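Visitor: the sequence isn't on hand, but the structure is:
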């Protein structure tokens, strides 16, 4: 009996364990099969604020295409030991935090700002962090008409702790114009001596008012991150539609002559029908009178 | 002896039942624990599609993916949809040199518009212009012509051309006479012949801009996805193409993009010899094609598709040769 | 000739036709009703399950229903045309035929649009055609034309019935009470006084002129539904006249067939005589020559200029539709011509046979106009599903077609029970004319 009880206990616990596991298998898995990747990028925007973007995504160790974003994780941003702020990841695993313009960053001896993004671990996920070292790049974009030639001026420089400006060297800067879906690149130059200029093309329509948004961008540089500067200028040659299509075969209102012809035809025909019917009533009346005569006569 | 046996059988059964009861209780408990992990309801409408996410505690959960549009703000009623997005003139450029019949455009469009397997708003044809030329794959959406023969013949005004160039179909006004289908020279339209369950889906209010849900006995076609355009996104086909074949943009601002490359529309057409199909019919289509020159790979790459779809092209001599040689 | 006596004679002669129904006739009507019931069942199946039960699919979106629609409407227009012309011609034999023609006109104009309704995907939205019409659309023109034509032909038909209703009202004491009431109501007090006669004649003349004009305009509009598109095989400049001639062709053929049947089954040999058949036969001959000429022009010009799309269309016609093409455009045209050409073989039976061949050939000609064009579009049909590439009609469509024909015949029989098929007033008018001319000779 004892051995039988023992057997039953084992069977019971196995079945319970199986059910729990079965439960877990159908609905939950732990993340042990995924390697977590946390990466930090810096975007300096036109108003000189810096957006720090973290992507926190798990990648399946066996199937590299299977990616699992982490949702609602708290990411803390530090500049050295100074806490800048924190943000939560979205459903795509992206957390964005914007540092306002006037922030005084702690720089190291070479002038690099050290920014760290940290995820403080939890029960299921380990602690993870990423850091970047970037210099604060100032990008200036000017659009001026010089000698009746529309020119674009781009200047880039960094400032050291004393405020001395060092011109930018050897970095690719792209100038593009904004469109509804994407930006179209006009020029892409490796900047020398901190500045360059070029002639703005004359065939860009811009928006309905002739305004064009011009962007100068340093994309994914090791030293500076991504820096964007933009300005709007009224150099567009938008051709306004002079003729609005009306009264065509395919518009809502038909060509005028169709209305006229149709009305004439229909009026003619239905007038005749009406005339006929009126005559029928006259015949009817006449017949009734005659019948009346027959009765009385 | 017998009594003992039945006694044991009785206690066995009792034990088993107890076991079953306990395990089911634990299963239910587990389920209820799991459901408490469910994420807060989003205001946006659920699409019925699930995405997998990782919680900060390291657990994998499945959540309803939110639809692209957030209703009710995103709703464009049929009356409003007759007015286009102001100051735009949408145009599409398809680069035939790069198309390899991956059919991702077809699938992306089907997913975005809730279409069945054989319902295609954008079709891929295999054409051979002349005996000496090479056959090429032609993705063919609706061309949203500037002088559309389909709009002219609609007796109720259910299909209309907007100021931004898009031709839409109002499924609430269409009476299903199919005159537009007979007058389109590009065979761009499809018809909903019978009743399908997806027509009864009332979770999303109908708008001609989304073409969802379709209605029985009415006409449907490619709509250039105005609901995505209003959010600054490219149509489903342009987003899905792995080769960047489909460029889309606004002719007024002269920029088209395929998601990666952004170029000037007028330069693209001039430099690459862009043309329109059946130009001589005077429909003035808004989809331009870049000729299939300097093909980057052989045509056979495009035969890697379902056999029933490949069977569609059996009348093209190139395919017939292949079949004869037993290669497919 | 004593007018009243003559009227009484005629009423007595024709009343049995109206009031008595033979057993054979009842059986035949029962059969027709059975066919119609099957059709109604098929209609409900289509209503519930949707158009997927037909053979129409994304490329060939117009099938048997549209073919029947054009066919019946072309019968109607030719009827209108012929009855209008008959009104103005003063021949002795026109009287026996005129009512048959007018009834065909109205009945086919009722049956034809029913087929269009069958082809519409959303019947619950039919009123949108009147709430949001677009007058640039040929379908809107067609709706206006058919409605106007229906009202016009119906009024015209009624005008020709009035004198007969008056005779029946005055001389059918033995008839059932309800019949007498109906006659009284429908005769609208017509007493056949000279003034009334003149008035009636005047409005009938105007209406018949109008009906001729309506017939031409309205049928051209129907032809333009096809020829105003750009599709190969349809964008032909001669579709308007072609359809009118084809309409006349089928109309005369149906007139001949109905003359034959009515003559035989209602024993009206004295009224519908050989001269009618010979006259109709000659008209059919002339029209069939014209019709053959138009058909030949269509296909010859397409073959000669060998444009790509025309070549593909002709290839479809001569491979997939080979036997249909031979029947419709060779046999259907040449056999009637041959039969009608030679005086010796022009008998009543052979003329009717020619008419039957003509009508069946014409139906197939309509099929060959509608379906092959839709099967050879500009951009080739590359579809996985066979039913989307080639059109095959299903039992629902065939059953509804037969229902249309059965309904046509049934309604014809029922009208013949209301009003005599040979206009009595016409007989009297004709005899009055003969007396006048005799008197004037004297």
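Guide: Cool, got the structure. Not measured: the values here are computed from a predicted model.
Visitor: does the residue of the stretch 1-150 of chain C found nearest chain B belong to a helix, a strand or coil?
Guide: Taking Cβ to the nearest Cβ as the measure, the point where the stretch 1-150 of chain C comes nearest chain B is residue C:121, at 1.9 Å. To be clear about C-beta, it is placed using only N, CA and C from the backbone, and glycine gets the same treatment. Here residue C:121 takes the coil state, with states given by DSSP: H, G, I helix; E, B strand; the rest coil.
Visitor: which intervals of chain A have sub-threshold pLDDT?
Guide: A:1-4, A:6, A:9, A:12-31, A:242-243, A:295-297 (pLDDT under 70).
Visitor: kindly report the residues of it close to chain C.
Guide: A:249-250, A:252, A:254-255, A:258-259, A:262, A:265-266, A:269-270, A:272-273, A:275-277, A:279-280, A:282-288, A:290-291 (Cβ under 8 Å from any Cβ of the partner chain).
Visitor: show me what contacts residue B:85?
Guide: B:164, B:226, B:229-230 (Cβ atoms under 8 Å, 6 or more residues apart in numbering or on different chains).
Visitor: could you measure from it over to residue B:224?
Guide: Using Cβ to Cβ, to the nearest Å, residue B:85 is found at 10 Å from residue B:224.
Visitor: the helices in the stretch 151-297 of chain A, which residues?
Guide: Secondary structure of the stretch 151-297 of chain A (DSSP state H, counting those that start in this stretch): helices at A:256-296.
Visitor: show me what residue of it gets nearest to chain C.
Guide: residue A:287 (2.3 Å).
Visitor: got the contact list for the closest residue to that residue other than its chain neighbours?
Guide: Leaving aside its sequence neighbours, residue A:287 sits nearest to residue C:189 (Cβ to Cβ, 6 or more residues apart in numbering or on different chains; 2.3 Å). Shown in contact with residue C:189 (Cβ under 8 Å, 6+ apart): A:283-288, A:290-291.
Visitor: Throw the residues you listed into a markdown table and include distance to residue C:364 and neighbour count, thanks.
Guide: Formatted as a markdown table, the contacts of residue C:189 follow (distance: Cβ to Cβ, whole Å; neighbours: other Cβ atoms under 10 Å in any protein chain shown):
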| residue | distance to residue C:364 | neighbour count |
| --- | --- | --- |
| A:283 | 46 | 24 |
| A:284 | 47 | 16 |
| A:285 | 52 | 12 |
| A:286 | 52 | 17 |
| A:287 | 50 | 19 |
| A:288 | 53 | 13 |
| A:290 | 55 | 18 |
| A:291 | 55 | 12 |
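Visitor: farthest-apart pair in those residues, please.
Guide: By the measure Cβ to Cβ, A:283 and A:291 form the most distant pair in these, at 12.4 Å.
Visitor: enumerate every residue touching residue A:103.
Guide: Per Cβ under 8 Å, 6+ apart, neighbours of residue A:103: A:50, A:84.
Visitor: ChimeraX command to pick out the buried ones of the residues of chain A next to chain C?
Guide: Restricted to buried positions by 16 or more other Cβ atoms under 10 Å in any protein chain shown, the ChimeraX selection for the residues of chain A next to chain C reads:
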select /A:249,250,254,265,269,272,273,276,279,280,283,284,286,287,290
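Visitor: that older thread, what is the most widely separated pair among the contacts of residue B:85?
Guide: It's B:164 and B:230 that sit farthest apart of the contacts of residue B:85, by Cβ to Cβ, at 10.6 Å.
Visitor: which of the two has more neighbours?
Guide: residue B:164 (20 against 13; other Cβ atoms under 10 Å in any protein chain shown).
Visitor: list phi and psi for the more buried one.
Guide: phi -90, psi 10 (degrees, to the nearest 10).
Visitor: got it, and residue C:389?
Guide: Dihedral angles (degrees, to the nearest 10) for residue C:389: phi -90, psi -40.
Visitor: now residue B:60
Guide: phi -90, psi 130.
Visitor: closest residue of the stretch 1-150 of chain A to chain C?
Guide: residue A:65 (29.3 Å).
Visitor: would you map out the domains in the chain?
Guide: I'll assume chain A. By the assignment in automatic domain parsing, chain A contains the domains A:26-134, A:137-233.
Visitor: not quite, go with chain B.
Guide: B:1-36, B:39-67, B:78-297.
Visitor: starting at the chain centroid, how far to the last one?
Guide: On the basis of Cα atoms, centre = their mean, to the nearest Å, domain B:78-297 sits 11 Å off its chain's mean C-alpha point.
Visitor: circling back to that earlier point, I'd assumed residue C:188 was in contact with the residue of the stretch 151-297 of chain A closest to chain C.
Guide: Yes: Residue A:287 is in contact with residue C:188 according to Cβ atoms under 8 Å; the separation is 6.7 Å.
Visitor: and residue C:31, that one's in a helix?
Guide: Yes: counting by three-state DSSP, residue C:31 falls inside a helix.
Visitor: tell me the contacts of it?
Guide: No contacts exist for residue C:31 under Cβ under 8 Å, 6+ apart.
Visitor: do you know the pLDDT at it?
Guide: At residue C:31, the predicted lDDT confidence score is 95.
Visitor: kindly report the same for the one 5 residues further on.
Guide: Turning to residue C:36, the model gives it a pLDDT of 96.
Visitor: that one against residue C:400, yeah?
Guide: No: with contact defined as Cβ under 8 Å, residue C:36 and residue C:400 do not form a contacting pair (10.0 Å).
Visitor: okay, those two: which has more neighbours?
Guide: More crowded of residue C:36 and residue C:400, by other Cβ under 10 Å: residue C:400, with 23 against 19.
Visitor: run the contact check for the helix or strand containing the more buried one versus chain B.
Guide: Assigning secondary structure by DSSP states H and E places residue C:400 in helix C:395-418. No: using Cβ under 8 Å from any Cβ, helix C:395-418 stays clear of chain B, with a minimum separation of 12.6 Å.
Visitor: downstream neighbour of the helix or strand where residue C:108 lies in the secondary structure list?
Guide: Residue C:108 belongs to helix C:94-119 when assigned by DSSP H and E. Moving toward the C-terminus from helix C:94-119, the next helix or strand (DSSP H and E) is helix C:128-131.
Visitor: please enumerate residues in contact with that next one?
Guide: Under Cβ under 8 Å, 6+ apart, the answer for helix C:128-131 is B:155-156, B:158, B:173, B:175, C:139-140, C:143.
Visitor: how is residue A:131 assigned, secondary-structure-wise?
Guide: strand.
Visitor: tell me what the residue lying closest to it once chain neighbours are set aside is bridged to.
Guide: Residue nearest to residue A:131 in three dimensions, not counting chain neighbours: residue A:116, with 4.2 Å by Cβ to Cβ, 6+ apart. In this structure, residue A:116 bridges to residue A:78, residue A:131 when assessed by DSSP bridges.
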